[in-house]
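Chemist: the sequence isn't on hand, but the structure is:
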């Protein structure tokens, strides 16, 4: 039951199932979006598809009011991004985690990533439109 061909040719939101899940999320059909994203995680091995699916699951959990799940789902996305060495995604997900569940560990990790990549925090936008600079200022 594992799908393999899409893992080779398509990444991230190019995958038709993930595009479908994102469309359901845009329509505020959170349970359907979450179901599609969850299944996609079990079927694919391509890191970017898995990362974006975990991030979508976190947004679905936030929208449906499931308090403990978003941090777990973002942590899974973070581990996938670190394993794949996608530094930009690691930075974005770390900022999302800091915003969701503030901790000194996440703040320090984000500061280290910004310094390492020589990136200005006001230039990094999250999916909700906020910037990393705003998150860092709020969680000093």
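Modeler: Looks like it arrived, so ask away. Keep in mind that this is a model prediction, so the values were computed, not measured.
Chemist: contacts and neighbour counts: CA atoms only from here.
Modeler: OK.
Chemist: those helices in the chain, which residues are they?
Modeler: Using DSSP state H, the helices assigned to the chain run over residues 5-9, 16-26, 30-43, 47-64, 69-84, 87-100, 104-117, 132-138.
Chemist: adding mean neighbour count and mean pLDDT, write the ones you listed out as CSV.
Modeler: CSV is the format used below for those (neighbours: other C-alpha atoms under 10 Å; pLDDT from 0 to 100):
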stretch, mean neighbour count, mean pLDDT
helix 5-9, 12, 58
helix 16-26, 18, 93
helix 30-43, 19, 95
helix 47-64, 23, 95
helix 69-84, 19, 96
helix 87-100, 21, 94
helix 104-117, 15, 94
helix 132-138, 16, 92
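Chemist: and those as CSV, adding distance to residue 124?
Modeler: Listed next are the helices of the chain as CSV, based on distance: least, C-alpha to C-alpha, whole Å:
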stretch, distance to residue 124
helix 5-9, 28
helix 16-26, 21
helix 30-43, 25
helix 47-64, 17
helix 69-84, 17
helix 87-100, 8
helix 104-117, 10
helix 132-138, 6
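Chemist: which one of those helices lies closest to residue 125?
Modeler: helix 132-138 (6.5 Å; C-alpha to C-alpha).
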